[in-house]
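Undergrad: can you look at this prediction? I've put the sequence above it.
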Amino acid sequence: MKEIILLKDGELALKGLNRSTFEDILIKNIRMRISSLGNFTYRKSQSTIVIEPENEDIDLDEAVSRICKVFGLVGVSRAAVCEKDIDKILETVWDYLGDELMLSKTFKVNAKRADKKFPLTSPEICDEVGGFILSKVRGIKVDVHNPEYTVTVEIRDNAAYIRGPQLKGAGGMPTGTGGRACILISGGIDSPVAAYMMAKRGVKLTAVHFASPPYTSELAEMKVHELLKKVSMYSGRINLFTVHFTALQEAIRDYCPEDMFTVTMRRVMMKIASALAEWQGCEAVITGESLGQVASQTIKAIRCTDECATLPVFRPCIGMDKNEIVEISRKIDTFDISIRPYEDCCTVFTPRHPKTRPTPEMARETEALIPNEDELIRKCIDEAQMMIIEAFR
């Protein structure tokens, strides 16, 4: 029995004359994700992408699992292919879906007749297939409103496709259709979620991580690597810069008022991240900040940070509470990694009473106290550019 994978896109249907370009990018992303499993052919057909394995020994379960994480799809299905003949369709329904139907108490049949030359209408196909299932499975009943199992028969131009329930896709837009942006990635819960959310809108990611050895350990950096691997299962390839931030943090500690440590640190981080982002061709910077979650994430503090950015700053978590962010982190399997007790540099030299209502003037005056700030920033950027990692995908 020949088996294929059917993909349903979502928002791409709204792209009008540009739809084909978006679909080509989507197919490219899928190809990159499953090429290691074997050879496939790809075909766009009547608002559906059809993926056909070229070898029978390809692991379609793994292919479907990977494809379900590709942004741009709302539905993913495995389907059997047969001739456009009602007797062949009934035979294939039973051979392909019979075992699952035997375990179900209720079912319904959907029929989609794209080929209007097929002699039976969609309701007639449903009647034929439904009656056949009722004759084969003892005790099963039809429930068109809340069935345990749904059989779908699609009559296409070239063949008939038989499939069971459709799996939910990742949604969003294909990665690469929304430009490129730089995510400031820590080892916490919020920033991987922010990365995922922007990738879902089609943004290709570059990541910047700030490390402060010996105050932060190699385990903290490895945690970031693991988080990016999880996010890259959805976003595709992510480049990572690791910025060694110790000298700047120590200068901030030694020369700046304690209550301004965090705001000053974030301003310097934004300068470095903006420079690395522009060097990578990014058009925006992303952070995981949520308004009011901590003292440094007030509107006034955020204003002081944004003053140092040379690119737009996106904060997809800004209006979310912690429970909402945690829910997404569990969904993308980053939560258990994020809560490991390896601290990042944001927790180094944390002030006892951080200022929550700083002004830009106050922030500029504090930052001016750092000796040789420009030289230290330039050194951080130069070192990070030589340490770029391109392995997350």
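TA: Nice, thanks for sending it over.

Undergrad: so where's the stretch 1-150 of the chain uncertain?
TA: For the stretch 1-150 of the chain, residues meeting the criterion pLDDT under 70 lie at 46.

Undergrad: let's see that with 80 instead.
TA: 13-17, 45-47 (pLDDT under 80).

Undergrad: longest strand anywhere in this protein?
TA: In the chain, assigned by DSSP state E, the strand with the most residues is strand 73-82.

Undergrad: centre of the chain to that one, how far?
TA: Computed by C-alpha atoms, centre = their mean, to the nearest Å, the chain-centroid distance of strand 73-82 equals 21 Å.

Undergrad: okay, the angle between the next helix or strand after it and strand 73-82?
TA: Following strand 73-82 in sequence order, the next helix or strand is helix 86-102 (DSSP states H and E). Put simply, helix 86-102 runs at 120 degrees to strand 73-82, going by axes from the mean of the first three to the mean of the last three C-alpha atoms, to 10 degrees.

Undergrad: pairing partners for the next helix or strand after helix 86-102, with directions?
TA: With elements assigned by DSSP H and E, the helix or strand that comes after helix 86-102 is strand 106-113. Under the criterion DSSP bridges, strand 106-113 sits next to strand 141-142 (parallel), strand 149-155 (parallel) in its sheet.

Undergrad: pick the most buried one from those strands.
TA: For the strands paired with strand 106-113, the largest average neighbour count (mean count of other C-beta atoms under 10 Å) is found in strand 149-155, namely a mean of 21. (Glycine included, C-beta is placed from N, CA and C.)

Undergrad: which residues sit against it?
TA: 6, 77, 79, 84, 89, 93, 97, 100-101, 104, 106-115, 118, 125-126, 129, 133, 160-166 (C-beta atoms under 8 Å, 6 or more residues apart in numbering).

Undergrad: among these, name the buried ones.
TA: Neighbour counting by 16 or more other C-beta atoms under 10 Å classes 6, 77, 79, 84, 89, 93, 97, 101, 104, 107-111, 113, 118, 125-126, 129, 133, 160-164, 166 among the contacts of strand 149-155 as buried.

Undergrad: which non-adjacent residue is nearest the residue most central in space within the chain?
TA: Nearest residue to the geometric centre of the chain (C-alpha atoms, centre = their mean): Tyr234, 3.7 Å. Closest residue in space to Tyr234, ignoring its immediate chain neighbours: Lys69 at 5.0 Å, by C-beta to C-beta, 6 or more residues apart in numbering.

Undergrad: the one you found reaches Lys168, doesn't it?
TA: No: with contacts counted by C-beta atoms under 8 Å, Lys69 stays clear of Lys168, the gap being 11.0 Å.

Undergrad: who has more neighbours, these two?
TA: In this view Lys69 and Lys168 are compared by other C-beta atoms under 10 Å, and Lys69 has more residues nearby, 17 against 11.

Undergrad: and the protein, what are its domains?
TA: 3-170, 180-392 (automatic domain parsing).

Undergrad: from these, which stretch is densest packed?
TA: Looking across the domains of the chain with neighbours counted as mean count of other C-beta under 10 Å, the highest average goes to domain 180-392: a mean of 19.

Undergrad: quick one: Thr206 and Ile183 touch, right?
TA: Yes: the criterion here is C-beta under 8 Å, and Thr206 meets it with Ile183 at 7.3 Å.

Undergrad: all the helices of this structure, in order from the start?
TA: For the chain, the helices defined by DSSP state H occupy 19-34, 60-67, 86-102, 122-136, 190-200, 218-235, 246-255, 261-279, 299-306, 322-331, 335-338, 360-367, 373-385.

Undergrad: and the contacts of the third one?
TA: Defining contact as C-beta under 8 Å, 6+ apart, one finds that helix 86-102 is touched by 1, 80, 82, 107, 120, 125, 128-129, 132-133, 136-137, 140, 149, 151, 153, 160, 162, 164.

Undergrad: what's the angle from the longest strand of the chain to helix 19-34?
TA: Using the same axes, to 10 degrees: strand 73-82 against helix 19-34 is 80 degrees.

Undergrad: what are the C-alpha coordinates of strand 73-82, in CSV please?
TA: Output of strand 73-82 as CSV, limited to C-alpha atoms (Å, rounded to 0.1, in the frame of the first residue of the first chain):
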residue,chain,number,x,y,z
LEU,A,73,1.3,24.2,9.0
VAL,A,74,-2.0,23.7,10.7
GLY,A,75,-2.5,20.0,9.9
VAL,A,76,-0.4,16.9,9.2
SER,A,77,-1.7,13.6,8.1
ARG,A,78,-0.5,10.2,6.9
ALA,A,79,-2.7,8.9,4.1
ALA,A,80,-3.0,5.8,1.9
VAL,A,81,-3.3,6.3,-1.9
CYS,A,82,-5.6,4.3,-4.1
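
Undergrad: and the contacts of that strand?
TA: By C-beta under 8 Å, 6+ apart, the residues outside strand 73-82 that reach it are 1-10, 26, 60, 64, 67-68, 88-89, 91-92, 95-96, 152, 154, 159-171.

Undergrad: hang on, the earlier thing: mind putting the strands paired with strand 106-113 in a markdown table, distance to Met32 included?
TA: Shown next, in a markdown table, are those (distance: least, C-beta to C-beta, whole Å):
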| stretch | distance to Met32 |
| --- | --- |
| strand 141-142 | 42 |
| strand 149-155 | 27 |
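
Undergrad: nearest to Asp336, out of the ones you listed?
TA: Shortest distance between Asp336 and the strands paired with strand 106-113, using C-beta to C-beta, is found for strand 149-155: 33.1 Å.

Undergrad: just the angle for the closest one relative to helix 122-136, thanks.
TA: Going by the same axes, to 10 degrees, strand 149-155 makes 130 degrees with helix 122-136.

Undergrad: is it true that Thr298 touches Lys355?
TA: No: at 9.3 Å, Thr298 does not count as touching Lys355 under the criterion of C-beta under 8 Å.

Undergrad: quick revisit: between the strands paired with strand 106-113, which gets nearest to Arg31?
TA: Closest among the strands paired with strand 106-113, once you apply C-beta to C-beta, is strand 149-155, at 23.4 Å.

Undergrad: gap between that closest one and the chain center?
TA: From the chain centre to the centre of strand 149-155 is a distance of 29 Å (C-alpha atoms, centre = their mean).
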